[in-house]
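A.B. asks: when you get a sec, could you give me coordinates for this:
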Amino acid sequence: MRQLFLGFLCIVAILSGQSVIHALPSEQINSDDIQTFLQQANESQIRLHDEYRSKKEIESLLAPYFTNDYTKQFMEYHTFEFEEGWIALGTDMMALYVPNFNFEENTMVKQTEDQILIYHFVPARSDGPTTWLDHYEGLIIKKLEDGLRIAEYVISEDEPQI
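C.D. replies: Predicted coordinates:
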């Protein structure tokens with residue numbers, strides 16, 4: 001049954017032009033693979049702005065990249081039901097969206113056997129319609145037997161620890 005499921009995921013990934021990163025929990029994942037995974041995860045979120053979908057369609061678009069709990073939280077915060085279906089509306093509030101990590105000096109990646117913490121420092125901003133204090137933003141990614149899944153959005157005044 002597991003092989004059938006993994007085969008199905010591979011077919012879906014090939015047909016949709018996406019790749020799913022598979023790793024055993026104890027393996028170290030390189031930065032290029034993490035960056036590719038995060039870009040694809042972000043694209044899956046942005047696609048939710050394109051058209052109305054059923055709740056199940058949204059869940060299946062996010063499933064290769066996010067845990068069920070994260071998906072549920074994201075959908076509660078960012079998707080809305082209309083007569084035509086569900087859609088994510090444009091927003092200045094980017095909480096739970098995959099941050100734009102540039103993977104230069106200010107992007108930190110820490111790994112354990114079963115998870116990855118990726119974060120960066122965001123300096124204070126006091127002008128414009130959206131303001132904030134100095135803080136760190138990041139994600140905790142779980143290393144599961146069937147691939148990586150974003151499990152938690154991290155925002156903190158203190159540097160995050162894994």
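
A.B. asks: how long is stretch 100-113 end to end?
C.D. replies: Length of stretch 100-113, first residue to last, CA to CA, to the nearest Å: 25 Å.

A.B. asks: so which residues of this structure form helices?
C.D. replies: 2-16, 31-46, 55-62, 68-78 (DSSP state H).

A.B. asks: need the ones you listed in JSON lines with distance to His120 and mean pLDDT, can you?
C.D. replies: In this view, the C-beta of every residue, glycine as well, is placed from N, C-alpha and C. Shown next, in JSON lines, are these (distance: least, CB to CB, whole Å; pLDDT from 0 to 100):
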{"stretch": "helix 2-16", "distance to His120": "28", "mean pLDDT": "39"}
{"stretch": "helix 31-46", "distance to His120": "12", "mean pLDDT": "95"}
{"stretch": "helix 55-62", "distance to His120": "23", "mean pLDDT": "98"}
{"stretch": "helix 68-78", "distance to His120": "19", "mean pLDDT": "96"}
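
A.B. asks: to Met108, which of those helices lies closest?
C.D. replies: helix 31-46 (10.7 Å; CB to CB).

A.B. asks: other SSEs contacting that closest one?
C.D. replies: Here helix 31-46 touches helix 55-62, strand 115-122, strand 135-144, strand 147-156, going by 3 or more CB pairs under 8 Å, 6 or more residues apart in numbering; DSSP states H and E.

A.B. asks: report the angle between it and strand 115-122.
C.D. replies: 80 degrees (axes from the mean of the first three to the mean of the last three CA atoms, to 10 degrees).
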